[in-house]
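> Have a look; sequence and predicted model below, questions after that.
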Amino acid sequence: MPSITIWNRIEPRARSQSMKAGLEARVHDALWLLARQWQVGEFAGRDAGSPVSVEVKSTTTPFDRYAAGAEAARAYDGRIPLETLIEREAVRPATSADDLRQAAEAGLQFFRLLDQAGLARLRPGYLKQYALTAARGLDDEGQSFFQIVSGRAIDGVKLRADFSQAGASLPALPAIATADHDAVFKVGQAFLAWYDGLLSQPANADAWSPDRMEYSFAFAAGGADSFVAREYDGGTIDWYTLDRSSAALAGAAAAPTAVTKSVMATPVTFRGMPARRFWELEDASVDIGALTAGAEDIGRLLLREFALIYGNDWFQIPLAVPVGSEVAINSLTVSDTFGLIAVVPHYADVDGVAGGWRMFSLSTDAGSTPAASDRLLVVVPNAVGTIDSATIEDVLLLRDELADMVWGVESIAVARSGLPIDRALAYRTNAPAVAPPAAGPPRYRLGSTVPDYWIPFLPVKVNDGPVRMRRGILPTSSSGPIGRMLAYPGQTMFLEELPREGVHLEGKYRSTRGLSGETLVWRARRRSTGRGEGRSGLRFDYLEF
């Protein structure tokens, strides 16, 4: 039987233009209000006290050891950000033939220092002794660059090596007058300081893993445990990059420092929150009531409930901790307006290991205790305000199912001239003209050709282990890889690291301010998702018409 549901809206209607009755807010049935308070449980509250002061007891331990890649643990003083320590790689060339641009820029810097010291007359002697020579295999841009700097700049790489070898004296050549000896020596020391301090380089091997195409490192802050990152793709290091491990790092461990701090509790405020007072009008700039959410959007619903119902029940306290340390909160004691003291337990003690709240909590391995990791707050000494250069090396790894192999497409690489080149453009520019098809019978071809910047990887088994992709070379290839990403001898990569989406590798220079205010510049790599599968067009055993 059909039914009709009728809703009656109860709305106030003003019978007078006076606002006196409304402002008085009289209660005509106080018993009804008391009954409603009893129904909603307001009488079950123990008190209406608000937090006034909070005492926090914590333990702080600074990071004091680190290990990049597979190298041994080294001492860490917290001066250099983690990104610089982990991502940096060797940049300075051994000779000018490896990087003509760096050699010329270093030579020009030495000439600037000579000019500032009033020794510009010594330029011809250094131009003759440290003349730049053209490296073999220079491309067209490299040849043009050499023609510009030849006769104007000197070989700064060789000059730096001679100054370092001379030690407390000057190199034998060019001959310097006795009157200018001290001034030139000061210029040489300033040049060495500039050369060695301009780019940050690792003392030993870098942390990049060629077979995994990612960084791996470990840090420790006293104690027997450590913090590890086995799959860091580059970019930014934060607490969620690290996992807590039971493996200890060798070296002297720093002693923890106990800190007790008493602070005032401050209510949490945000724009558009409900007003605290009865006659206070809310600011209409933020309408939280207009926030819409679907039934499955739990996060937005929780945000709305917090803002409209529990927004004035949250308090915050400042807790300053040193950057580059792990902090363990031992106790939290709250004193309210009634003088009552309450000890707030840690959520790990209340919820246990099955609790859902895990903000700032690190993952652990089999040997670490999850409860101990939940109590740690890791303040990572990461880089802030990092500036990245344009891409100087770009490699795209993609699967070619038709050819049954993986290709490393080297789009951009740094040549011997020190300048990034577009390998695809260079290949098309230098490719010979395509001859028109000749009349006659079809020709048999053993295999087709692939551009030089397409580097093949073939599946092989290494030491009876899992299948890896090993770098190969095509018979028709004349150069192969010229960049760093694919230049490792006998390079292999794990097959599971090459999904169908592919892998995109980029090389860039990065700059930031260190924790002591110094400027740090280093060369880094970054891994991201590729562009899917590709096709090289490689064929075998076919007829060419």
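Cool, the structure landed. Numbering: from 1, shown residues only.
> Hmm, residue 289 is touching residue 308, no?
Yes. With the criterion set as CB atoms under 8 Å, residue 289 and residue 308 qualify as a contacting pair; they are 7.2 Å apart. C-beta here means a position set from N, CA and C on the backbone, and glycine is covered the same way.
> Need the pLDDT of residue 371.
Residue 371 is assigned a predicted lDDT (pLDDT) of 60.
> Strands of the stretch 1-150 of the chain, start to end?
51-62, 65-68, 74-75 (DSSP state E, counting those that start in this stretch).
> so which of those strands is the most packed in?
Comparing these on average neighbours per residue, with mean count of other CB atoms under 10 Å, the densest one is strand 65-68 at a mean of 22.
> What is that strand packed up against?
With contacts taken as 3 or more CB pairs under 8 Å, 6 or more residues apart in numbering; DSSP states H and E, strand 65-68 sits against strand 74-75, helix 82-87, strand 214-220.
> and of the strands of the stretch 1-150 of the chain, who's closest to residue 423?
strand 65-68 (30.0 Å; CB to CB).
> Can you give the contact residues for that closest one?
73-76, 85-86, 202, 204-207, 217-220, 226, 249-251, 253 (CB atoms under 8 Å, 6 or more residues apart in numbering).
> now do 6 Å
Counting by CB atoms under 6 Å, 6 or more residues apart in numbering, strand 65-68 makes contact with 73, 76, 86, 207, 217-220, 249, 251, all of which sit outside it.
> distance between it and the chain's centre?
Taking CA atoms, centre = their mean, to the nearest Å, the mean C-alpha location of strand 65-68 is offset from the chain mean by 17 Å.
> residues in contact with the nearest residue to residue 49 once chain neighbours are set aside?
The shortest distance from residue 49 to any residue other than its chain neighbours is 3.4 Å, reached at residue 336 (CB to CB, 6 or more residues apart in numbering). Counting by CB under 6 Å, 6+ apart, residue 336 touches 49-51.
> Can you tell me the number of residues neighbouring residue 102?
Residues contacting residue 102 under the criterion other CB atoms under 10 Å number 19.
> err, residue 30, not the other one
Using other CB under 10 Å, the number of residues around residue 30 comes to 8.
> What separation do you get for it and residue 39?
Look at residue 30 and residue 39: by CB to CB, to the nearest Å, they are 15 Å apart.
> same deal with residue 329?
Residue 329 sits 39 Å away from residue 39 when distances are taken as CB to CB.
> ok so, going back, out of the helices and strands packed on strand 65-68, which is the most enclosed?
helix 82-87 (a mean of 25).
> distance between that helix and the chain's centre?
On the basis of CA atoms, centre = their mean, helix 82-87 is displaced by 9 Å from the centre of the chain it belongs to.
> if we look at it, which residues are touching it?
The set of residues that contact helix 82-87 without belonging to it, under CB under 6 Å, 6+ apart, is 68, 200, 207, 215, 217, 237, 381-383, 520, 522, 524.
> Averaged pLDDT, that helix. What do you get?
Here the mean pLDDT over helix 82-87 is 93, rounded to a whole number.
> please begin residue numbering at 845 from this point
Yes, from this point I'll number from 845; that puts the last item at helix 926-931.
> okay, now the domains of the protein?
944-1042, 1231-1275+1286-1388 (automatic domain parsing).
> what mean pLDDT would you report for the helix or strand containing residue 1026?
Taking DSSP states H and E as the definition, one finds residue 1026 inside helix 1025-1042. For helix 1025-1042, the mean pLDDT works out to 95.
> and what of stretch 1165-1175?
The average pLDDT within stretch 1165-1175 is 91.
> Please apply the same query to stretch 898-917.
Looking at stretch 898-917 alone, the average pLDDT works out to 91.
> Endpoints of that stretch, how far apart?
Start to finish, the residues bounding stretch 898-917 are 39 Å apart (CA to CA, to the nearest Å).
> quick one: that stretch to chain centroid distance?
Here stretch 898-917 is found 19 Å from its chain centre; the criterion is CA atoms, centre = their mean.
> count of neighbours near residue 1145?
Residue 1145 has 14 neighbours, counted by other CB under 10 Å.
> Mind checking what secondary structure it has?
On the three-state scheme (DSSP: H, G, I helix; E, B strand; the rest coil), residue 1145 is labelled helix.
> again with residue 1094
Secondary structure state of residue 1094, per three-state DSSP, is coil.
> For the chain, give me the ranges with low pLDDT.
Applying pLDDT under 70 to the predicted model, the residue ranges of the chain that meet it are 845-856, 858, 884, 889-892, 1128, 1197-1201, 1210-1216.
> quick one, helices of it?
Along the chain, counting by DSSP state H, helices occupy 864-868, 874-883, 926-931, 944-960, 967-973, 984-993, 1000-1010, 1025-1042, 1142-1152, 1191-1195, 1214-1218, 1267-1274.
> Need the residues that contact the second one.
Contact partners of helix 874-883, identified using CB under 6 Å, 6+ apart, are not found; the set is empty.
> try the fourth one
The contact list for helix 944-960, computed with CB under 6 Å, 6+ apart, reads 937, 940, 966, 979, 993, 997-1001, 1031, 1034-1035, 1039, 1261-1262.
> hmm, 7 Å instead?
With contacts defined as CB atoms under 7 Å, 6 or more residues apart in numbering, helix 944-960 is touched by 937, 940, 964, 966-967, 974, 976, 979, 986, 989-990, 993, 997-1001, 1003-1004, 1031, 1034-1035, 1038-1039, 1260-1263.
> just the buried members of the residues you listed?
937, 940, 966, 974, 976, 979, 986, 989-990, 993, 997-1001, 1003-1004, 1031, 1035, 1039, 1260-1263 (16 or more other CB atoms under 10 Å).
> Compare the strands of the stretch 845-994 of the chain and report which one is nearest to residue 1352.
Distances from residue 1352 to each of the strands of the stretch 845-994 of the chain were compared using CB to CB; the shortest belongs to strand 909-912, at 18.7 Å.
> re earlier: looking at residue 1133 and residue 1152, which has the bigger crowd around it?
Neighbours of residue 1133 and residue 1152, each counted by other CB under 10 Å, are more numerous for residue 1152; the result is 14 against 11.
> From residue 895, how far out is the more buried one?
Separation of residue 1152 from residue 895 (CB to CB) stands at 22 Å.
> just residue 1161 next, same as before
Computed with CB to CB, the distance linking residue 1161 and residue 895 is 9 Å.
> shared neighbours of the two, anything?
residue 1109.
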